[in-house]
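**Q** here is the input, now give the coordinates:
(one chain, ligands or ions: 1)
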Amino acid sequence: MMKYRLPEIGDKDILQKYVKEHHDNGEAGVSASVGLAATEYSEWVEKIRRNAAGGDEQWGRSLLYLCFDEDRLVGLLSIRYELPEDLSLKLGDIGYGVRPSERGKGYATEMLRYALAVCKEKGRQEVILGCYKDNPASAATIKKNGGVLINESNGYNEGRISQYYRIMLDS
Ligand SMILES: CC(C)(COP(=O)(O)OP(=O)(O)OC[C@H]1O[C@@H](n2cnc3c(N)ncnc32)[C@H](O)[C@@H]1OP(=O)(O)O)[C@@H](O)C(=O)NCCC(=O)NCCS
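**A** Here you go, the predicted structure:
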């Protein structure tokens, strides 16, 4: 059974280990971490809490969930359910990452399914997801959740093609 919740001050250690595991795996960035590695920890927690409660003028409210299987932090899930359409089409409404040692076990598929339920509950009728064309694992995660390719562009990050998928939530 997966559990999802906002980060707390007491999560500092498990999040540091989560980031370190990415670095040890040769990955510079940590997906869906909303600047975790570059921000002082308590400020980061405050920022995440603020985003959830009141949001940001440009982004609206958004959720950053720690995703646990039993007591193990397996992934991060960013749900930007109030993004205005222009940003949604550029950044996507949902982002996620799974720690290297837990990939290939179905977690991302499950996490995205949960994010879609949250977006639906928030009143969204569809969401947009973006992923790089050279990221087959993420594309597979999106397609398994009903994603349909709607656009391809290299405008967001020069030299790397992004693909955009739409998932309809009404049913
Ligand atoms: C992308 C990512 C989140 C997938 O997480 P995951 O938990 O391993 O994904 P799942 O186990 O749910 O697998 C989803 C699908 O991807 C496929 N997949 C997994 N790894 C794959 C790989 N290396 N190459 C191709 N397909 C892959 C799986 O087979 C599965 O599809 P299937 O059931 O049809 O076989 C994970 O690899 C990750 O964190 N990568 C780095 C961060 C990132 O890219 N985030 C997304 C940004 S858009």
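
**Q** do stretch 145-153 and the ligand come into contact?
**A** No. Using Cβ under 6 Å from any ligand atom, we find that stretch 145-153 stays clear of the ligand, coming within 9.5 Å at best. In short, each C-beta sits where N, CA and C put it, glycine included.

**Q** next one: that stretch to chain centre, how far?
**A** 17 Å (Cα atoms, centre = their mean, to the nearest Å).

**Q** for that stretch, C-alpha coordinates in PDB please.
**A** The C-alpha coordinates for stretch 145-153 follow below in PDB (Å, rounded to 0.1, in the frame of the first residue of the first chain):
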ATOM      1  CA  ASN A 145      -2.100   5.900 -17.700                       C
ATOM      2  CA  GLY A 146      -4.000   6.800 -20.800                       C
ATOM      3  CA  GLY A 147      -1.700   9.500 -22.200                       C
ATOM      4  CA  VAL A 148      -2.000  10.500 -25.800                       C
ATOM      5  CA  LEU A 149       0.800  12.300 -27.600                       C
ATOM      6  CA  ILE A 150      -0.300  15.700 -28.600                       C
ATOM      7  CA  ASN A 151       2.800  17.700 -29.400                       C
ATOM      8  CA  GLU A 152       6.600  17.400 -29.800                       C
ATOM      9  CA  SER A 153       9.000  20.300 -29.600                       C
END
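
**Q** give the next helix or strand downstream of the lengthiest helix in the chain.
**A** Under DSSP state H, the helix in the chain containing the largest number of residues is helix 107-121. Remark: after helix 107-121, the chain's next helix or strand is strand 126-132, criterion DSSP states H and E.

**Q** other residues contacting stretch 148-155?
**A** By Cβ atoms under 8 Å, 6 or more residues apart in numbering, the residues outside stretch 148-155 that reach it are L89, I128, K133, R160, I161, S162, Q163, Y164, Y165, R166, I167.
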